[in-house]
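Engineer: Here is the input, now give the coordinates:
(2 chains)
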2 protein chains.
Amino acid sequence: MPNLQPFKTITRYFVSPASHHTYNFLQYEYRPNLSLITYTSRRTKKKKNYRPIFGKAIHNSATQSTNMVTTNASKDEAVKPKVTLFWLNQSRAQRIVWLLEELGLDYDLEIYRRVDKLAPANAKEIHPLGKFPVVKVNDDLLAESGFITEYLVDNYGEWLKPKDRASLMRYKYFLHYAEGSFMPPLIVGVVMQGVRSAPVPFFLKPFVNMICSGVETKFLLPNYKTHFDFLESEISERPWLAGEEFTGADILLSFPLTAMKGKSIFTQENYPRLWAYTEKLTEREAYKKAAKKTETMEGEKIF
Amino acid sequence: MPNLQPFKTITRYFVSPASHHTYNFLQYEYRPNLSLITYTSRRTKKKKNYRPIFGKAIHNSATQSTNMVTTNASKDEAVKPKVTLFWLNQSRAQRIVWLLEELGLDYDLEIYRRVDKLAPANAKEIHPLGKFPVVKVNDDLLAESGFITEYLVDNYGEWLKPKDRASLMRYKYFLHYAEGSFMPPLIVGVVMQGVRSAPVPFFLKPFVNMICSGVETKFLLPNYKTHFDFLESEISERPWLAGEEFTGADILLSFPLTAMKGKSIFTQENYPRLWAYTEKLTEREAYKKAAKKTETMEGEKIF
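Structural biologist: I've put the predicted structure just below:
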């Protein structure tokens, strides 16, 4: 084995298939032409592979092709990737379950649950941000919902990507829009809900409500209106978000839409077409399958 | 001219090269094989082209290739695209000026200015969200900073995109991370600043401060710490964000970094390597050129 070195020379890897075993590696071998690391677990004595995405790039070799589709895995691996979804209840991870069902991929679910409404502290062992979803595909560890969707569709579900140029442009736009523009005001909304429900002396409660209402009136409602007007109009022009065909962008936008459905200004009366579209999303077989799977797991309806 | 129809059959276009002239179109012609619309302005009687990205997809023809790089424009157009950047002061648009300078592209700046700290209402004539930056490249109208960066780099700046697989994966990840994960807590911070500075009776001021401090302690600071720890660690592993080479991802992340530099927890003492990296960004020739250009325009130092 060339390049065999004791583990201590790797100072730190954020992301490994089993990052809580970081200090149990016995030895590792790096194959620059494959950007692949083979390590031997001190505990199990077994050899495993992974590709470092985050963390130290030991050799920044330019030997890899940039084409993700063809270089991601051998043909056999591409057909049957080993997928693990790191999942948190009531989180953006739910839609990745749905995406994986649409793709017809086998996957393991590694379950995490909220503690005091937040992701548990040990989530940072998987990814340094401690956020969900995180997906491991073979030896790639992926974060950011937009990037996860892009990667999975590019590699395992070309049919969830538009063929015509205008739709493809919209698809790519909405992959960024979902988290980059639509979610931030919703996050502000959740923070303000937290402020509203925080314990304060009763005589101050009206004042807390006044502050929260101020943020809602001046920031949240105008933002919600802008986004829902935009989406209502977009979805009035074509059957799915990007065009004639259902795509990964529809899955990505499903989370904020279902989260807002019936709350605040997103009513059937205000946005009839977006409402109908959101209902249409939940009628897909893969959606129902994903919902059933996670409901059984959680023991309650979560979709 | 085949397919010549009066304008009224186009019910609505969010995005056109001159959307304030929407109702001045005399006639239009749609060429499905090019996804291109030619319209004649009622005012100027001149013919113009554009490709609808948002708004109505008249025919969803699957005749276009999905390869953005080769189909976006003819070779001549690719070399000399017509670029307009719709720019708002003190906004994310600043980094696109920088990106355009890095790419060495000629571009027009269409200037918008904040009214009461917000984007002006007529911004929605350019893009239905009324946000900046928006970029028009030939006949494509683009929004979402991550998508704009991806598009411009794919089409006009391959050298700002990594060649090796691991760096390419990081590059794509960070294109989503910048707006999808890093910006949202900063937006919450800006909203809470707004709450702090809103006029209230003096005897309630301490209470406003208490609420804002609560959000800062419970939500903002832990989030800032997570992100800055992550970025400090990432940038300690390699000279640039994605790898050995400067890429579009560095430009994209520059906005939140320069905005936070010296404020809150992002100090030289807390994050020495990220601090040095942020300073290194501002030393690039194209950055200085972009800064000088917008400073001259605004009459004040804005970078």
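Engineer: okay, now A:Pro256: neighbour count?
Structural biologist: Here the count is done by other C-beta atoms under 10 Å in any protein chain shown, and A:Pro256 has 21 residues near it. In short, each C-beta sits where N, CA and C put it, glycine included.
Engineer: and the helix or strand encompassing it, average pLDDT?
Structural biologist: Using DSSP states H and E, the secondary-structure element containing A:Pro256 is helix A:248-260. Per-residue pLDDT values over helix A:248-260 give a mean of 96.
Engineer: now do stretch A:87-96
Structural biologist: When pLDDT is averaged over stretch A:87-96, the result is 92.
Engineer: Distance of the residue of chain A most remote from its centre relative to B:Gly214?
Structural biologist: Ranking residues of chain A by C-alpha distance from their mean position (C-alpha atoms, centre = their mean) puts A:Phe203 at the top, at 41.6 Å. When C-beta to C-beta, to the nearest Å is applied, the distance between A:Phe203 and B:Gly214 equals 17 Å.
Engineer: Likewise for A:Thr217?
Structural biologist: Between A:Thr217 and B:Gly214 the computed distance is 21 Å (C-beta to C-beta).
Engineer: Pick out whichever of the two has more residues nearby.
Structural biologist: Residue environment comparison for A:Thr217 versus B:Gly214 gives the larger neighbour count to B:Gly214, 16 against 10, counting by other C-beta under 10 Å.
Engineer: so that one sits right up against A:Val195, yeah?
Structural biologist: Yes: the pair formed by B:Gly214 and A:Val195 meets the contact definition of C-beta atoms under 8 Å, at 7.2 Å.
Engineer: pLDDT (mean, whole number) over the following helix or strand past the helix holding A:Pro256?
Structural biologist: Toward the C-terminal end, the helix or strand that comes next after helix A:248-260 (DSSP H and E) is helix A:272-281. With pLDDT averaged residue by residue, helix A:272-281 scores 98.
Engineer: Pull the distance from the following helix or strand past helix A:272-281 to the chain's centre.
Structural biologist: Helices and strands here follow DSSP H and E; after helix A:272-281, the next one along the chain is helix A:285-298. Taking C-alpha atoms, centre = their mean, to the nearest Å, one finds the center of helix A:285-298 at 17 Å from the center of the full chain.
Engineer: Determine the set of other helices and strands touching helix A:285-298.
Structural biologist: Helices and strands in packing contact with helix A:285-298 are listed as helix A:93-103; criterion 3 or more C-beta pairs under 8 Å, 6 or more residues apart in numbering or on different chains; DSSP states H and E.
Engineer: Can you pull out the residues in contact with the helix it packs on?
Structural biologist: Counting contacts by C-beta atoms under 8 Å, 6 or more residues apart in numbering or on different chains, the residues outside helix A:93-103 that touch it are A:83, A:85-87, A:107, A:109, A:132-133, A:135, A:145, A:148-149, A:152-153, A:156-157, A:160, A:248, A:251-252, A:254-255, A:284, A:286-287, A:289-291, A:293-294, A:302-303.
Engineer: Can you say which of the residues you listed are buried?
Structural biologist: Neighbour-count burial (16 or more other C-beta atoms under 10 Å in any protein chain shown) applied to the contacts of helix A:93-103 gives A:83, A:85-87, A:107, A:109, A:132-133, A:135, A:145, A:148-149, A:152-153, A:156-157, A:160, A:248, A:251-252, A:254-255, A:284, A:286-287, A:290-291, A:294, A:303.
Engineer: contacting residues for A:Phe219?
Structural biologist: With C-beta under 8 Å, 6+ apart as the criterion, the residues that contact A:Phe219 are A:185, A:188, B:191, B:194.
Engineer: Can you tell me how far the last one is from A:Tyr173?
Structural biologist: Separation of B:Gly194 from A:Tyr173 (C-beta to C-beta): 29 Å.
Engineer: ok so, going back, return a PyMOL selection command for the buried portion of the contacts of A:Phe219.
Structural biologist: The PyMOL command for the buried members of these (criterion: 16+ other C-beta under 10 Å) is given here:
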select buried, (chain A and resi 185+188) or (chain B and resi 191)
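Engineer: which among the contacts of A:Phe219 gets closest to B:Leu118?
Structural biologist: B:Gly194 (10.6 Å; C-beta to C-beta).
Engineer: just checking, A:Pro81 is part of a strand?
Structural biologist: No: with DSSP: H, G, I helix; E, B strand; the rest coil as the criterion, A:Pro81 is assigned coil and is not in a strand.
Engineer: is it true that it touches A:Asn138?
Structural biologist: Yes: the pair A:Pro81 / A:Asn138 is scored as a contact, 5.3 Å apart, by C-beta under 8 Å.
Engineer: So which residues of chain A form helices?
Structural biologist: A:68-71, A:75-79, A:93-103, A:145-156, A:165-177, A:183-197, A:205-215, A:221-237, A:248-260, A:272-281, A:285-298 (DSSP state H).
Engineer: outside of stretch A:167-176, which residues touch it?
Structural biologist: Stretch A:167-176 has contacts (C-beta under 8 Å, 6+ apart) with A:146, A:149-150, A:161-162, A:241-245, A:247-249, A:252-253, B:53-54, B:57, B:60, B:64, B:66, B:68, B:140, B:142-147, B:150-151, B:175-176, B:179-180.
Engineer: Chain neighbours aside, what residue packs nearest to A:Phe246?
Structural biologist: Excluding the flanking residues, the one nearest A:Phe246 by C-beta to C-beta, 6 or more residues apart in numbering or on different chains is A:Trp240, at 5.0 Å.
Engineer: ok now do that neighbour, which residues does it touch?
Structural biologist: Contacts were defined as C-beta under 8 Å, 6+ apart; by that measure A:Trp240 touches A:246-247, A:250.
Engineer: again with A:Pro120
Structural biologist: When contacts are counted by C-beta under 8 Å, 6+ apart, A:Pro120 touches A:112-114.
Engineer: OK, contacts around A:Thr84?
Structural biologist: A:107-110, A:135-136.
Engineer: Quickly list what it is bridged to.
Structural biologist: Beta-bridge partners recorded for A:Thr84 (DSSP bridges): A:Asp108, A:Lys136.
Engineer: For it, give me the pLDDT.
Structural biologist: Checking the pLDDT column for A:Thr84, the value is 96.
Engineer: likewise A:Lys205?
Structural biologist: At A:Lys205, the pLDDT value in this model is 88.
Engineer: burial of it, as a residue count?
Structural biologist: The burial count assigned to A:Lys205 is 12, neighbours taken as other C-beta under 10 Å.
Engineer: for A:Pro239, same thing?
Structural biologist: When neighbours are counted by other C-beta under 10 Å, A:Pro239 registers 13.
Engineer: Equivalent analysis for A:Glu298, please.
Structural biologist: 13.
Engineer: okay but it is in contact with A:Asn89, surely?
Structural biologist: Yes: the pair formed by A:Glu298 and A:Asn89 meets the contact definition of C-beta under 8 Å, at 6.0 Å.
Engineer: helices and strands of chain A: which one bottoms out on pLDDT?
Structural biologist: The helix or strand with the lowest mean pLDDT-type score in chain A, counting by mean pLDDT, DSSP states H and E, is helix A:68-71 (a mean of 30).
Engineer: Tell me how far the closest residue in space to A:Ser264 that isn't next to it in sequence lies from A:Asp106.
Structural biologist: Once flanking residues are discounted, A:Ser264 sits nearest to A:Tyr224: 6.0 Å by C-beta to C-beta, 6+ apart. According to C-beta to C-beta, A:Tyr224 stands 38 Å off from A:Asp106.
Engineer: Looking at these two, which has the bigger crowd around it?
Structural biologist: Set side by side, A:Tyr224 and A:Asp106 show more neighbours around A:Tyr224, with 20 against 10, by other C-beta under 10 Å.
Engineer: Return the residues in contact with A:Ser145.
Structural biologist: By C-beta under 8 Å, 6+ apart, the contact set of A:Ser145 is A:92, A:95-96, A:133, A:178-179, A:252, A:255, B:176, B:180.
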